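**Q** Give me the fold of what follows.
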Amino acid sequence: MEHRTQLVFLFLILAQGAHSIEEYVTRLYEVFAPARFVSSLVSKDLAPGFLVVNFALVIFGLWCWAVPVRSGWHAARGLVWFWTILELGNGIGHSALALSRGGYFPGVVTAPLLLLFAAWLAVLQYRQGALPPISLF
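**A** Model (predicted):
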């Protein structure tokens, strides 16, 4: 995997970290049922539950970058596509919810970063001949 692809992947994970912080500060877990549900699986108090889930997500992303992606594991391409598709959906979802509400929705400020880095990553992967696991192109 090219160095540039690895770097853009790291930026995507860091953008997810910023996105998670925005969601926590603006209490997404109070206004979005799926976030409330996932948070409640970890704790009856939604705030720490949300924090734990998002912290684990970002740590997993950093591990994916630090170990499989940087070490060139065969599974790295699949992991990068997993994150690419996940974050494209995340960015689109937050943007669509904000548009449907006609105003701010928790996470929409950092959603463009997710879209930028995920789309860039998709282009880089596609140019390198790494099609997604289920071809989207």
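
**Q** all helices for the chain, in order.
**A** For the chain, applying DSSP state H gives helices covering 3-25, 28-31, 33-42, 46-64, 70-71, 76-101, 111-127.

**Q** Quick check: the residue nearest in space to the middle of the chain vs L46, distance?
**A** By C-alpha atoms, centre = their mean, the mean C-alpha position of the chain lies nearest to E87, the distance being 3.8 Å. Distance from E87 to L46, counting by C-beta to C-beta, to the nearest Å: 23 Å. No exception for glycine: its C-beta is placed from N, CA and C like everyone else's.

**Q** And for the protein, the residue most distant from the center?
**A** In the chain, by C-alpha atoms, centre = their mean, K44 is the one farthest from centre (24.6 Å).

**Q** before we move on, back to that, in a markdown table: the helices of the chain, plus mean pLDDT.
**A** Output for the helices of the chain, formatted as a markdown table (pLDDT from 0 to 100):
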| stretch | mean pLDDT |
| --- | --- |
| helix 3-25 | 98 |
| helix 28-31 | 97 |
| helix 33-42 | 97 |
| helix 46-64 | 98 |
| helix 70-71 | 96 |
| helix 76-101 | 97 |
| helix 111-127 | 96 |
